[in-house]
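**Q** This is the structure alone, sequence omitted:
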Ligand SMILES: NC(=[NH2+])NCCC[C@H](N)C(=O)O
Ligand SMILES: [Mn+2]
Ligand SMILES: [Mn+2]
């Protein structure tokens, strides 16, 4: 990577059921983010945090297209618009936005800000989950389980300009590491043109092979790629500090190798986010520290 990295914290917990994920950005900074990025030989500045409404300022049903089925819709929109503005400015100045969550709903803002009207953007979504629910299919009403569907303009998100990012086409979207999918969400993923590599694919073919293909799909015919790293992609033994852990995730080494492959595409890399770190559920900040290490690998840090 040859650009200056600008760190942007988003202490967002509106899109998730588990309070504590709002402390993710501090935990990641405290876990040594700046040092790790600098050890990869990359210049880094901290752009501070985006404001997230306090609990007493929130209304769970305001603005939701289906009341109760997309909780904190209005507040999520406001935060994502601010994230988009900051990411857009960073990209515009030739910097590289690294967005720290917070829950995965912030991806809506990151992608809106990273995208450019006349360009196509590829997305690699490292996650145990598809985040492909819509307000019609969600079992929880939590927007972090809908963020990818929102970006793609699925269901009622089609009518919401802040969420739907037309620069991202389904054929350039790849989910990697899928192992927990809801009933209605399964149908949406199957019918979509997005590619989903499950943990079974990784078992059968190896993580490096699957990740290499995912990057190929996301870069093929696009002008840049966004990498979205949900820490629950990893096995909970490595990353216990997440709100929705699922057994059977990738190992520590597989995750590093994947990020090393990401680094090989540094010229196409437009933006990255690391989400779902919840220090309240963590063990001695292990998950946040791992997040910092993985970022360094994605930015080119190597063993030798
Ligand atoms: N970004 C995440 N951790 N998403 C978890 C989503 C869980 C579940 N599929 C839901 O819709 O609520
Ligand atoms: Mn996710
Ligand atoms: Mn997840």
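**A** Sure, I can see it. Quantities reported herein were computed from a predicted structural model and do not represent experimental measurements. Ligands and ions are numbered 1, 2, ... in the order given.

**Q** any idea how far residue 199 is from residue 168?
**A** According to Cβ to Cβ, to the nearest Å, residue 199 and residue 168 sit 24 Å apart. The C-beta positions use only the backbone N, C-alpha and C, and glycine is treated the same way.

**Q** again but with residue 291, I slipped
**A** Residue 291 is 24 Å from residue 168, by Cβ to Cβ.

**Q** which one of those two has more residues nearby?
**A** residue 291 (30 against 23; other Cβ atoms under 10 Å).

**Q** And the residue of the stretch 201-304 of the chain found nearest ligand 1, what's its pLDDT?
**A** When scored by Cβ to the nearest ligand atom, the stretch 201-304 of the chain has residue 244 as its residue closest to ligand 1, at 4.3 Å. You'll see residue 244 listed with a pLDDT of 97.

**Q** Also residue 68?
**A** 79.

**Q** One more: residue 65?
**A** On pLDDT, residue 65 comes in at 88.

**Q** Tell me, how many residues neighbour residue 226?
**A** When neighbours are counted by other Cβ under 10 Å, residue 226 registers 31.

**Q** surely the residue of the stretch 201-304 of the chain closest to ligand 1 meets residue 275?
**A** No: if you go by Cβ atoms under 8 Å, residue 244 and residue 275 don't touch, sitting 11.3 Å apart.

**Q** ok, those two, which is more surrounded?
**A** Neighbour tally, residue 244 and residue 275, criterion other Cβ under 10 Å: the higher count belongs to residue 275, 31 against 23.

**Q** residues from the stretch 51-200 of the chain in reach of ligand 3?
**A** 127, 128, 129 (Cβ under 5 Å from the ion).

**Q** what about the nearest residue to the first one once chain neighbours are set aside, distance to residue 101?
**A** Closest residue to residue 127 in three dimensions, ignoring its sequence neighbours and counting by Cβ to Cβ, 6 or more residues apart in numbering: residue 230, at 4.0 Å. As for residue 230, its distance to residue 101 is 9 Å (criterion: Cβ to Cβ).

**Q** overlap in contacts of these two?
**A** 275, 276 (Cβ atoms under 8 Å, 6 or more residues apart in numbering).

**Q** Please say which of the two ends up with more neighbours.
**A** residue 101 (34 against 27).

**Q** ok, the more buried one touching residue 274?
**A** Yes: contact criterion Cβ under 8 Å: residue 101 and residue 274 qualify, at 6.8 Å.

**Q** re earlier: quick one, grab the pLDDT at the residue nearest to residue 127.
**A** Residue 230 is assigned a pLDDT of 99 by the prediction.

**Q** swap in residue 158?
**A** Reading off the model, residue 158 has pLDDT 95.

**Q** Pretty sure it sits against residue 166.
**A** No: between residue 158 and residue 166 there is no contact under Cβ under 8 Å: 10.2 Å.

**Q** ok, how many other residues are close to residue 297?
**A** Neighbours of residue 297 (other Cβ under 10 Å): 21.

**Q** distance of it from residue 36?
**A** Distance, residue 297 to residue 36, using Cβ to Cβ: 9 Å.

**Q** what residues does the stretch 101-250 of the chain put near ligand 2?
**A** Near ligand 2, when you scan the stretch 101-250 of the chain using Cβ under 5 Å from the ion, you find 104, 127, 129, 131, 230.
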